[in-house]
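Q: below: sequence and its predicted model.
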Amino acid sequence: MNRNVSLIGAPTDVGAGARGASMGPEALRVARIGPLLGEMGLDVVDRGNLTGPANPWLPPVEGYRHFDEVLAWNRAVHEAVYAELQTGRFPILLGGDHCLGLGSISAVARHCRGTGQKLRVLWLDAHADFNTDQITPSGNIHGMPVACLCGYGPRPLVEIGGHVPALSPKWVKQIGIRSVDAGEKQLLYDAGLEVFDMRYIDEMGMRHTMELALATMDASTHLHVSFDVDFLDPSFAPGVGTTVMGGPTYREAQLCMEMIADTGRLASLDVMELNPALDVRNRTAEVAVDMVQSLFGKSTLVRRPAR
């Protein structure tokens with residue numbers, strides 16, 4: 001795993017339905033994400049925060065809320081993440097709402113096209129985020145980034161990375177899903193996304209789930225994890241705008257992160273949707289940072305490589 005890490009703050013909530021995710025990057029810094037990763041032997045550089053338009057807090061227009069603002073922020077994220085990858089560093093995007101996954105992952109896809117690497121994306125989330133303007137119940141674009149990455153969306157958004165679609169649905173594995181809008185269900189099915197929802201995890205366990213989700217990777221794989229903090233059960237991570245009960249427990253989530261770390265293929269990361277306005281004494285930010293440490297190999301014991 002690349003040990004040269006760049007933190008990129010994206011303080012905006014233009015794609016969300018609740019205000020507050022714009023404060024997420026600073027809450028993660030208060031939880032000492034940089035210093036704690038540094039103590040693990042990583043070379044951590046904090047690039048500060050990107051800038052973009054303010055949240056106008058307006059109703060949807062033709063199925064989208066804040067379209068121009070979302071586009072501007074995603075273009076800024078795309079260029080920042082791509083620049084870090086081009087210099088050989090590991091970008092961690094500190095969100096911000098999850099619409100920004102469009103800019104981040106399109107940058108990773110662009111990078112992989114240039115290097116010839118195989119891209120795989122793990123989308124850790126309570127929500128599928130596979131809406132379009134035709135089926136969205138809210139118009140909030142944080143519910144649309146996976147659809148846009150797979151080519152379902154307006155031309156300015158789907159073309160950010162210079163290639164349409166940025167991703168094949170076969171490259172994406174969604175884990176922890178437990179809230180899918182009515183129209184999304186059919187579109188997910190038609191697109192062929194592999195979704196490990198909470199029923200699957202309940203029946204088969206997190207270990208088996210992650211074994212399947214990670215099975216197609218090899219030495220040429222660039223693994224990107226897009227970690228929406230609402231992936232976690234709100235009983236221990238309440239600081240998100242769209243809580244959904246019944247998520248992974250603390251230990252299930254830790255196992256998920258530790259198994260990702262074991263692959264050694266993780267090369268870029270989003271930490272999204274942290275909303276300090278809804279948190280309790282920054283508890284959710286601290287849990288999120290704990291999970292990120294596990295992604296980079298934090299463990300209870302020194303473990304022997306599997307034979």
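A: All right, it came through fine. Because the structure is a prediction, the values reported are computed rather than measured.
Q: helices along this protein, start to end?
A: Applying DSSP state H to the chain gives helices spanning 24-30, 33-39, 67-86, 101-115, 145-149, 155-158, 182-191, 198-204, 206-213, 250-263, 283-295.
Q: looking at the ones you listed, which is buried most?
A: Ranked by mean neighbour count, the helices of the chain are led by helix 145-149 with a mean of 30 (mean count of other Cβ atoms under 10 Å). Heads up, the C-betas are built off the backbone N, CA and C, glycines and all.
Q: shaky segments in this protein?
A: Low-confidence segments of the chain (pLDDT under 70): 305-307.
Q: the same query, at a cut-off of 80, please.
A: 302-307 (pLDDT under 80).
Q: didn't residue 249 look like it was pressed against residue 237?
A: No: contact criterion Cβ atoms under 8 Å: residue 249 and residue 237 do not qualify, at 10.8 Å.
Q: and these two? which has more neighbours close in?
A: Taking neighbours as other Cβ atoms under 10 Å, residue 249 and residue 237 compare with residue 237 leading, 25 against 13.
Q: leaving out the residues flanking it, which one is nearest to that one?
A: residue 284 (4.5 Å; Cβ to Cβ, 6 or more residues apart in numbering).
Q: among the helices of the chain, which comes closest to residue 1?
A: Among these, the nearest to residue 1 by Cβ to Cβ is helix 250-263 (7.6 Å).
Q: run the chain-centre distance for the closest one.
A: In terms of Cα atoms, centre = their mean, to the nearest Å, the centre of helix 250-263 is set 15 Å apart from its chain centre.
Q: elements contacting that helix?
A: helix 206-213, strand 221-228, helix 283-295 (3 or more Cβ pairs under 8 Å, 6 or more residues apart in numbering; DSSP states H and E).
Q: hmm, who's touching that helix?
A: 1, 122, 124, 175, 201, 206-207, 209-211, 214, 217, 223, 225, 231-233, 236, 248, 266, 287, 291-292, 294-299, 306 (Cβ atoms under 8 Å, 6 or more residues apart in numbering).
Q: equivalent analysis for stretch 16-33, please.
A: Contacts for stretch 16-33 (Cβ under 8 Å, 6+ apart): 7, 9-13, 46, 49, 55, 57, 92, 94-99, 138, 140, 142, 239, 241-242, 271-279, 282, 285-286, 288-289, 292.
Q: quick revisit: just put the helices and strands packed on helix 250-263 in TSV and tack on distance to residue 170.
A: Formatted as TSV, the helices and strands packed on helix 250-263 follow (distance: least, Cβ to Cβ, whole Å):
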stretch	distance to residue 170
helix 206-213	13
strand 221-228	13
helix 283-295	23
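Q: nearest to residue 37, out of these?
A: helix 283-295 (6.9 Å).
Q: contacts for the closest one next, please.
A: Outside helix 283-295, the residues that touch it by Cβ under 8 Å, 6+ apart are 24, 27-28, 30-33, 36-37, 40, 92, 225, 227, 229, 232, 236-240, 250, 253-254, 257-258, 260-261, 266, 269, 271, 274, 276, 279.
Q: now stretch 143-159
A: For stretch 143-159, contacts defined as Cβ under 8 Å, 6+ apart pick out 64, 67, 70-71, 74, 98-102, 105-106, 109, 123, 127-133, 136, 141, 164-169, 172, 174, 181, 187, 191, 193.
Q: not counting its neighbours along the chain, what's nearest residue 109?
A: Nearest residue to residue 109 in three dimensions, chain neighbours excluded: residue 166, at 4.5 Å (Cβ to Cβ, 6+ apart).
Q: that neighbour is in contact with residue 104, isn't it?
A: No: in terms of Cβ under 8 Å, residue 166 does not count as a neighbour of residue 104; the distance is 10.7 Å.
Q: next one: the residue nearest to residue 237 from residue 44, what distance?
A: Distance from residue 284 to residue 44, counting by Cβ to Cβ, to the nearest Å: 21 Å.
Q: ok, now residue 91?
A: Distance, residue 91 to residue 44, using Cβ to Cβ: 12 Å.
Q: now do the shared contacts for these two.
A: 5-6.
Q: who's more crowded, the two?
A: When residue 91 and residue 44 are compared for neighbours, residue 91 comes out ahead with 27 against 20, by other Cβ under 10 Å.
Q: bridge partners for that one, pull those for me.
A: With DSSP bridges as the criterion, residue 91 is bridged to residue 6.
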